[in-house]
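What shape does this take:
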Amino acid sequence: MIDLELSPVASRIVTELTDVTADEEVFVVSDPEKVSVGRAMTNAARAVGANATLAVMPRLDAHGNEPPDVVAAGMKAADVAVTATTHAITHTQSRLAASEAGTRVVVLRGVTEEMMIEGGMNTDFAELAEVTAAVRDVLGAAESAHVTSAAGTDIHLNLAGSDAFSLDGYFHDYGFSALPPGESPTCPAKPGTDGTVVIDYSMDNIGLLDDPIELTFEDGTVTDIAGGDEAAQLRDIVDEAGENAGNLAEFAIGTNEHARLIGNLAEDKKRRGTVHFAIGDDTSLGGELRSDIHFDGLVTRPTVELDGELVLDDGTLLVDRVRDLAAGL
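Sure, this is the predicted structure:
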């Protein structure tokens, strides 16, 4: 019976955000833990007349791992690929190849049945798109950022030449959309990106944190991971992942006022007034460094200055100020 509850939002995603049409091939990728979400998306695509196929693959070990070759081929061949998986395949070469082939990739990484019904997935998409676009414009125009938090984050980011994106749920020309919607990410330049990031709420592949994880960066690369048992766990993952796993791949600002803090980065990082940082692969965001992982970590009450302009104050996104700055560009 859960399919009946998932049907309305799956239909909105298919028709309103992704604009699936009856003549299109839709390839839905899921795993055993998320198959109910994948089934809902398949049914919604078939309801508009699309030729929709559901593929259930083994659960991947971590965010950023490549899917099986047969899944990668299916994504590349489709008009629309929906990835309703436990771990994200957004930042993979398979996703990049699909996007370059013209596939519209819709990412529902880690999305549960409950998240389809409550929280950030149920928002005013048009209003969110306007706010997220303003953040994107200001972030993309900035040469630098200074991010601090009461928990101890204090990092300077070199944003010169870095593009920003609007992940508002709609499909743009970035190659993918992400749901729940609501963030503007960028990939900082490496030289001049120095300082400390304190992940104080949740971390990919770990979940809700018992103790903060402190990451020290020099020229955009992790030089130290400090904290308790969870920091040690992350350190082991980074060491095992090898090349570029400690690369600062992403800085992003959350924009969705209906997103909740639930210990799942798929929704946590979209909450308006938060920021997140990612380590690992940055090729999906305009970078050039490949890695077997892409892990996000959340900072809940950040203060952010872009080129000296305050845009986020202790966890409050200054929406009117961002709109004014965007209008002046």
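
quick one: the helices in this protein?
2-12, 35-47, 69-77, 93-100, 113-117, 125-141, 229-241, 265-268, 319-327 (DSSP state H).

Adding mean pLDDT, distance to residue 289 and mean neighbour count, write those out as JSON lines.
All C-beta atoms are positioned from the backbone trio N, CA, C, and that covers glycine. What follows is these, written out as JSON lines (pLDDT from 0 to 100; distance: least, C-beta to C-beta, whole Å; neighbours: other C-beta atoms under 10 Å):
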{"stretch": "helix 2-12", "mean pLDDT": "88", "distance to residue 289": "35", "mean neighbour count": "16"}
{"stretch": "helix 35-47", "mean pLDDT": "96", "distance to residue 289": "31", "mean neighbour count": "22"}
{"stretch": "helix 69-77", "mean pLDDT": "97", "distance to residue 289": "20", "mean neighbour count": "17"}
{"stretch": "helix 93-100", "mean pLDDT": "94", "distance to residue 289": "13", "mean neighbour count": "19"}
{"stretch": "helix 113-117", "mean pLDDT": "94", "distance to residue 289": "30", "mean neighbour count": "18"}
{"stretch": "helix 125-141", "mean pLDDT": "97", "distance to residue 289": "20", "mean neighbour count": "20"}
{"stretch": "helix 229-241", "mean pLDDT": "96", "distance to residue 289": "12", "mean neighbour count": "17"}
{"stretch": "helix 265-268", "mean pLDDT": "96", "distance to residue 289": "21", "mean neighbour count": "26"}
{"stretch": "helix 319-327", "mean pLDDT": "98", "distance to residue 289": "29", "mean neighbour count": "16"}
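
out of these, nearest to residue 287?
Taking C-beta to C-beta, helix 93-100 is the member of the helices of the chain nearest to residue 287, at 11.6 Å.

Return the distance of the longest strand along the chain from the chain's centre.
Using DSSP state E, we find that the single longest strand of the chain is strand 189-199. Its chain's C-alpha centre and that of strand 189-199 lie 19 Å apart, by C-alpha atoms, centre = their mean, to the nearest Å.

what do you get for stretch 257-271?
For stretch 257-271 - counting by C-alpha atoms, centre = their mean - the centre lies 11 Å from the chain centre.

residues in contact with that stretch?
Applying C-beta atoms under 8 Å, 6 or more residues apart in numbering, the contact partners of stretch 257-271 are 108-112, 115, 118-120, 122-123, 128, 180-183, 201-204, 207-208, 252, 254-256, 272, 274, 276, 296-298, 300.
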